[in-house]
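1. Predicted model follows, preceded by the sequence.
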Amino acid sequence: MTGGGAAEQRRHPRLRQGAVVAATLAVVVVLPLVVSQFRLALLSKYLVFAVVAIGLNLAWGYGGMLSLGHGVFFGLGAYCTGMYLKLAEAGSGLPDFMSWSGVSSLPAIWAPFRHAWFALPAAVLVPMGVAALLGASVFRRRVRGAYFALLTQALAAAFAILLVGQQGLTGGTNGLTNFSTVFGLEPGNPRTTQILFFAAAAAAAVAFLVVRQIVQSRFGRLLVAVRDGEDRVRFLGYDATRVKVVAFALSAGLAGLAGALFVPIVGIISPADVGVVPSIEMVVWVAIGGRATLAGPVIGALLVSYANTALSEWYPDGWLYLQGALFVVAVVWAPRGLAGLADRFRHLAWRPGSRRRAEVAVGAASP
Amino acid sequence: MAALLQITGVEVGFDGSLALAGVELAIDEGEIRFLIGPNGAGKTTLIDVVTGLTRPSNGSVRFDNRELVGRREHEIVALGVGRTFQTPSVFEQLSVVENLDLAANHRAGIRALMRRRRGVAPAVAEALEAIQLSDRADAQAGVLSHGQKQWLEIGMLLVQSPRLLLLDEPVAGMSAEERTATGELIERIAERCTVVIVEHDMEFLRRFARRVSVMHEGKVISEGSVERVRADPLVQEVYLGRSRDRRGHDPALDQQASTAEPPETTEVPAR
């Protein structure tokens, strides 16, 4: 990292970095002009999923915490926003589904969500708080690996069941939908779709930069160290539990942010979007894109979601099988996913034996 | 003056048998103390107790007049107690310098943690020099040789400047030259801190040990200079095991020297 040669080496990636940023910005600006409103809304949804994947990668790829329950954190963020939108629509009355369920007065838990200044921060902070509580109690007892994965999976199942069961509070199976206003904008209006697309793109960019900063910081190295040798980290004098809790909470916060954007973009949040199956899909995005790589989760979320849409239009049931097959292929043959493959090809083509970039060098270890 | 490390009446039970059966041990500041004993004597368990990995059912471990029993591992490290493991456990996905950098920053605040590492801190550079890995600073730790990993691990302790170092078989699996180099490295470290070494290798022991404590079946049975301990009939009995009838053979310990692992007869009875 020192000496003249290194400085020269560094200039090249910086140039390339600039090119990537410029290209991304151009795409984001041009896309709304050239694609239909329907496609733009779909793209926004994919970007929201990318935010989830970026966060999940921090926990799983870099931290080794395989969460099969990120749908919970996504859902918490989404329901926080959904509650606000429902109340904004209802004005001084009750949200429509409550009246149908025979609820006569607004439940206390709903009241503060009347305010955007409460609901929007809550969409990020509630998932973070839940994740921190869960992490603090579970990681302290050294629950990890498959046990942790099972536990989070159970949590996702329980969360979905709870949502369905509390019809008057959560809208039950139907969830929260039929919003007549979206932060003062008219749903379905092309302008609204564009604004939401920019919001999703901005969220994805922020999530990417935040996670990149974390991964490249000492904390990021520490997180990898915890993944590969948690006990050893304790004997270096670090509180490994705290490291994991912080990373897991940040990861959950990003999932919550994604949930908060998902609701206005898609127009509905229901138990089907947050349970076991969506939670597993989130893991699939990261696995196929490439865990423990920075770009991988973004690519994975965008491509897999796009393929999902495209194939479902053509042959609905096939998609599930294909997705499963892709997941198995990625795990067995390409543990660092598409990003890992791309990296390998680039090295073959350009500079065989040259040093890998820092974010790739971290590699992927078993969960 | 009170000892730096004072272990009294430490007992650890596993499934009804005692791995440690009332260990008494005092280490003074500035010592290099060797801890030897047959397999299963409880040496590693004792280190585990001191460093907080295993909680004893009885007894106390006082370090610098502070009780260690009941504290968590990282808190004990923060007090100035470092350890290595029998198998080197460096972070293989990180570079050599990143390993040392993490070790050096264990007391750093959240600000320093959230920043990127820039350059190499003087303490880290010094440690790189001491463990002879300066030219491999940016190599991934996973590609190092076994001996180099052990040194890196010692280097990671070095940058933390602990007051007490517990080394669990630091030269196991090393070549003769590596052993000598490691011994010299440990002697240099010992100028700055107190060192306790668990070691089977008698050649190494003879060359570098000053005071030795012998453990057997969860107790310290003998203590003193290498000569004194070797002359102790109790120690001879433990190391001779069943072959005790073969008299006239003085060098019980010498026989062990080459084989590293003492006879099975001295395992703790498992019940």
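-> Here it is on my side, so go on. This structure is a prediction, so every number in the text was calculated from the model and none was measured.

2. is it true that residue A:105 lies in a strand?
-> No: counting by DSSP: H, G, I helix; E, B strand; the rest coil, residue A:105 falls outside a strand, being coil.

3. where do the helices sit along chain B?
-> Along chain B, counting by DSSP state H, helices occupy B:43-50, B:73-79, B:96-104, B:110-114, B:122-130, B:146-158, B:176-190, B:202-208, B:226-231, B:233-240, B:252-259.

4. Save these as CSV, and put in mean pLDDT and distance to chain A too.
-> To be clear about C-beta, it is placed using only N, CA and C from the backbone, and glycine gets the same treatment. Formatted as CSV, those follow (pLDDT from 0 to 100; distance: least, Cβ to the nearest Cβ, whole Å):
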stretch, mean pLDDT, distance to chain A
helix B:43-50, 93, 11
helix B:73-79, 92, 4
helix B:96-104, 94, 5
helix B:110-114, 83, 5
helix B:122-130, 91, 11
helix B:146-158, 90, 7
helix B:176-190, 87, 17
helix B:202-208, 83, 23
helix B:226-231, 86, 29
helix B:233-240, 82, 30
helix B:252-259, 45, 29
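
5. Could I get those in a markdown table, plus columns for mean neighbour count?
-> A markdown table is the format used below for the helices of chain B (neighbours: other Cβ atoms under 10 Å in any protein chain shown):
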| stretch | mean neighbour count |
| --- | --- |
| helix B:43-50 | 23 |
| helix B:73-79 | 20 |
| helix B:96-104 | 26 |
| helix B:110-114 | 13 |
| helix B:122-130 | 18 |
| helix B:146-158 | 23 |
| helix B:176-190 | 16 |
| helix B:202-208 | 19 |
| helix B:226-231 | 17 |
| helix B:233-240 | 18 |
| helix B:252-259 | 15 |
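
6. I'd say residue A:234 and residue A:240 touch.
-> Yes: between residue A:234 and residue A:240 a contact is recorded at 5.2 Å, counting by Cβ atoms under 8 Å.

7. So between the two, which is more surrounded?
-> More neighbours surround residue A:240 than the other of residue A:234 and residue A:240, with 25 against 22 (other Cβ atoms under 10 Å in any protein chain shown).

8. which ones are touching the more buried one?
-> By Cβ atoms under 8 Å, 6 or more residues apart in numbering or on different chains, residue A:240 lies in contact with A:139, A:226, A:230-231, A:233-234, B:74.

9. Provide a list of residue ranges in the stretch 201-350 of chain A with pLDDT below threshold.
-> Applying pLDDT under 70 to the stretch 201-350 of chain A flags the ranges A:349-350.

10. residues near the residue in it positioned nearest to chain B, how many?
-> Per Cβ to the nearest Cβ, residue A:237 is where the stretch 201-350 of chain A lies closest to chain B, at 3.4 Å. Using other Cβ under 10 Å, residue A:237 is surrounded by 23 other residues.

11. Compute the distance between the residue most central in space within chain B and residue B:203, please.
-> Centroid check for chain B by Cα atoms, centre = their mean gives residue B:167 as the closest residue, at 2.0 Å. Using Cβ to Cβ, to the nearest Å, residue B:167 is found at 17 Å from residue B:203.

12. just residue A:52 next, same as before
-> Taken as Cβ to Cβ, the span from residue A:52 to residue B:203 is 59 Å.

13. For residue A:234 and residue A:240, list the residues in contact with both.
-> Residues touching both residue A:234 and residue A:240 by Cβ under 8 Å, 6+ apart: residue B:74.

14. those strands in the stretch 201-350 of chain A, which residues are they?
-> Applying DSSP state E, counting those that start in this stretch to the stretch 201-350 of chain A gives strands spanning A:268-269.

15. Which residue, other than its chain neighbours, is closest to the residue positioned nearest the centre of chain A?
-> When Cα atoms, centre = their mean is applied to chain A, the residue found nearest the centroid is residue A:52 (0.4 Å). Using Cβ to Cβ, 6 or more residues apart in numbering or on different chains and skipping the chain neighbours, the partner closest in space to residue A:52 is residue A:258 (4.5 Å).

16. and that neighbour, what is it in contact with?
-> A:48-49, A:51-52, A:55, A:74, A:77, A:203.

17. ok, 7 Å please
-> A:48, A:51-52, A:74, A:77 (Cβ atoms under 7 Å, 6 or more residues apart in numbering or on different chains).

18. in stretch A:119-129, what's buried?
-> For stretch A:119-129, the neighbour count (16 or more other Cβ atoms under 10 Å in any protein chain shown) marks A:119-120, A:122-129 as buried.

19. any chance of those residues in JSON lines, plus pLDDT and secondary structure?
-> Formatted as JSON lines, those follow (pLDDT from 0 to 100; DSSP: H, G, I helix; E, B strand; the rest coil):
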{"residue": "A:119", "pLDDT": "96", "secondary structure": "helix"}
{"residue": "A:120", "pLDDT": "95", "secondary structure": "helix"}
{"residue": "A:122", "pLDDT": "97", "secondary structure": "helix"}
{"residue": "A:123", "pLDDT": "97", "secondary structure": "helix"}
{"residue": "A:124", "pLDDT": "97", "secondary structure": "helix"}
{"residue": "A:125", "pLDDT": "98", "secondary structure": "helix"}
{"residue": "A:126", "pLDDT": "98", "secondary structure": "helix"}
{"residue": "A:127", "pLDDT": "98", "secondary structure": "helix"}
{"residue": "A:128", "pLDDT": "98", "secondary structure": "helix"}
{"residue": "A:129", "pLDDT": "98", "secondary structure": "helix"}
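
20. Can you give me the neighbour number for residue A:316?
-> Using other Cβ under 10 Å, the number of residues around residue A:316 comes to 9.

21. Would you agree residue A:308 is in contact with residue A:322?
-> No: using Cβ atoms under 7 Å, residue A:308 is not in contact with residue A:322, being 9.1 Å away.

22. Between the two, which is the more surrounded one?
-> residue A:308 (18 against 15).

23. thinking again about what came up before, which among the contacts of residue A:240 end up buried?
-> Buried subset of the contacts of residue A:240 (neighbour count, 16+ other Cβ under 10 Å): A:139, A:226, A:230, A:233-234, B:74.

24. could those be laid out in CSV, adding distance to residue A:298?
-> Output for the buried ones among the contacts of residue A:240, formatted as CSV (distance: Cβ to Cβ, whole Å):
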residue, distance to residue A:298
A:139, 27
A:226, 24
A:230, 28
A:233, 28
A:234, 33
B:74, 34
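
25. Nearest to residue A:188 among those residues?
-> Closest to residue A:188 out of the buried ones among the contacts of residue A:240 is residue A:139 (44.2 Å), distances taken as Cβ to Cβ.

26. And stretch B:84-99, end to end?
-> Chord length of stretch B:84-99, first to last residue, is 14 Å (Cα to Cα, to the nearest Å).

27. oh sorry, the question was meant for stretch A:94-110
-> Span of stretch A:94-110 from end to end, Cα to Cα: 10 Å.

28. Quick one: mean pLDDT for that stretch?
-> The average pLDDT within stretch A:94-110 is 89.

29. Can you give me the buried ones in it?
-> For stretch A:94-110, by 16+ other Cβ under 10 Å, it's A:94-95, A:97-98, A:101, A:103, A:106, A:110.

30. which one of the residues you listed is nearest residue A:182?
-> Nearest to residue A:182 among the buried residues of stretch A:94-110: residue A:95, at 15.2 Å, using Cβ to Cβ.

31. need the contact list for that closest one.
-> By Cβ under 7 Å, 6+ apart, the neighbours of residue A:95 are A:86-87.

32. burial measure for the closest residue to residue B:223 other than its chain neighbours, as a count.
-> Spatial nearest neighbour of residue B:223, excluding adjacent residues (Cβ to Cβ, 6+ apart): residue B:213 at 4.8 Å. For residue B:213, the number of neighbouring residues by other Cβ under 10 Å comes to 23.

33. from the buried residues of stretch A:119-129, which single one is nearest chain B?
-> Checking the buried residues of stretch A:119-129 against chain B by Cβ to the nearest Cβ gives residue A:128 as the nearest, at 16.2 Å.

34. Would you mind measuring from that closest one to residue A:55?
-> 11 Å.

35. Could you name every residue contacting both of those two?
-> Here residue A:128 and residue A:55 share no contacting residue, scored by Cβ under 7 Å, 6+ apart.
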